[in-house]
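Participant: fold the following, please.
(one chain, ligands or ions: 1)
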Amino acid sequence: MSSDIHSLEGKIALVTGGGRGIGKAIALDLADAGADVVITYSRSADAAEEVVSQIKAKGRKSKAIQADAIDFKQAEEVISEIQKEFSGLDILVNNAGITRDTLIMRMSEEQWDDVIRTNLKSVFNYSKAAIRPMMKNRSGSIINIGSVVGISGNAGQTNYAASKAGIIGFSKSLAKEVASRNIRVNVVAPGYITTEMTGQLDEKVLKSIEEAIPLKRAGEPSEISGSVRFLASDASSYITGIVLSVDGGMAM
Ligand code: NDP
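Facilitator: Predicted coordinates for the structure are as follows:
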């Protein structure tokens, strides 16, 4: 074990939706810090296997597991598979998420339910399953990926903003429940980050968003993963229940 408080050597991490975008950057960054990293995916098997190869090339153990984040039973199975094969779980990053943007006048019940289930119920599913081994170890760090939109709201994203605001309430409540067992629960709230999720926007919309960001540019996935790595490590051992905005100043 390393005495460096930033090191994750000997730790086992799970990143949901770790095959692409921000989740991929998080998985690679945790591996760089020394953790063995399991990722889940729903559709992108090739991308997930590629991340596993990259993590193994860093000398860490890794595995990709197909699991739909909305499925409670599958979450339990993923956690028990990790406990068996990796002998524990120290870090959980709830990253899997989707958007189904439209104004409420046009929003279908399905668009509402899909986003709430994928973004919010998934956080319940994996947190509940992970808490048992973490309680046993009397140690753990859960990092939930929120959004600036969960803080400030955004027209056309009532479903998404509700899911991300829900994550904040959930995380603070869970942080209070498990703090006495030395388990920390925090939220990282990204602003506008260049990934496939934001890739469909046209040039004009993108320009106007960038104009509104105090740092005047979109962020990169690697600018989110550093904060997650920090919250996963002992460098943040006295931090729980916070929402860390990583958004170029958007939430100000
Ligand atoms: P991407 O669309 O690039 O990636 C989404 C990831 O989530 C993929 O790995 C995908 O896996 C996974 N995923 C989606 N649905 C499910 C599911 N049902 N079960 C399991 N995995 C699933 O998005 P980003 O990387 O941009 O977003 C990552 C997180 O960051 C999300 O929670 C998002 O809300 C949040 N965020 C993103 C921002 C941005 O500007 N990009 C801003 C603020 C927050 P697969 O391909 O296998 O389906």
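Participant: quick check: which helices or strands does the lengthiest strand in the chain pack against?
Facilitator: Identified as the longest strand of the chain according to DSSP state E is strand 183-190. Secondary-structure packing of strand 183-190 (3 or more C-beta pairs under 8 Å, 6 or more residues apart in numbering; DSSP states H and E): helix 122-137, strand 140-145, helix 158-178, helix 221-232, strand 243-246. (C-beta placed from N, C-alpha, C; glycine too.)
Participant: is the residue of the stretch 51-200 of the chain found nearest the ligand part of a helix or strand, or is it coil?
Facilitator: Per C-beta to the nearest ligand atom, the residue of the stretch 51-200 of the chain with the smallest distance to the ligand is residue 97, at 2.4 Å. On the three-state scheme (DSSP: H, G, I helix; E, B strand; the rest coil), residue 97 is labelled coil.
Participant: next one: phi and psi at it?
Facilitator: phi -170, psi 160 (degrees, to the nearest 10).
Participant: tally of neighbours for the residue lying closest to it once chain neighbours are set aside?
Facilitator: Of all residues not flanking residue 97 in the chain, residue 119 sits nearest, at 4.7 Å (C-beta to C-beta, 6 or more residues apart in numbering). Residue 119 has 28 neighbours, counted by other C-beta atoms under 10 Å.
Participant: who's in contact with residue 119?
Facilitator: When contacts are counted by C-beta atoms under 8 Å, 6 or more residues apart in numbering, residue 119 touches 96, 97, 98, 160, 163, 164, 167.
Participant: same check on residue 99?
Facilitator: 115, 157, 160, 197.
Participant: tell me which of the residues you listed is nearest to residue 28?
Facilitator: residue 197 (18.0 Å; C-beta to C-beta).
Participant: just confirm that closest one is within a strand.
Facilitator: No. Residue 197: not assigned to a strand; according to three-state DSSP it is coil.
Participant: right, and it touches residue 17 too?
Facilitator: No. Residue 197 lies out of contact with residue 17 (C-beta atoms under 8 Å); the separation is 10.4 Å.
Participant: common neighbours of those two, please.
Facilitator: residue 97.
Participant: the more surrounded of the two?
Facilitator: Using other C-beta under 10 Å as the criterion, residue 197 and residue 17 rank with residue 17 on top: 28 against 14.
Participant: who touches the more buried one in this structure?
Facilitator: By C-beta under 8 Å, 6+ apart, the contact list for residue 17 reads 23, 39, 40, 41, 42, 69, 95, 96, 97.
Participant: ok so, going back, got the angle between the longest strand of the chain and strand 140-145?
Facilitator: 20 degrees (axes from the mean of the first three to the mean of the last three C-alpha atoms, to 10 degrees).
Participant: tell me if strand 183-190 is near the ligand.
Facilitator: Yes. Strand 183-190 reaches the ligand (C-beta under 6 Å from any ligand atom) through residue 190.
Participant: quick one, what contacts the residue of the stretch 51-200 of the chain closest to the ligand?
Facilitator: Residue 97 touches 17, 118, 119, 145, 163, 197, counting by C-beta under 8 Å, 6+ apart.
Participant: wait, the fourth one touches residue 94, no?
Facilitator: Read it as residue 145. Yes. Between residue 145 and residue 94 there is a contact under C-beta under 8 Å: 6.4 Å.
Participant: counting neighbours, go ahead and name the busier of these two.
Facilitator: Per other C-beta under 10 Å, whichever of residue 145 and residue 94 has more neighbours is residue 94, with 29 against 26.
Participant: who in this protein is up against the ligand?
Facilitator: 16-17, 19-23, 40-44, 68-70, 95-98, 118, 145, 147, 190, 192-193, 195-198.
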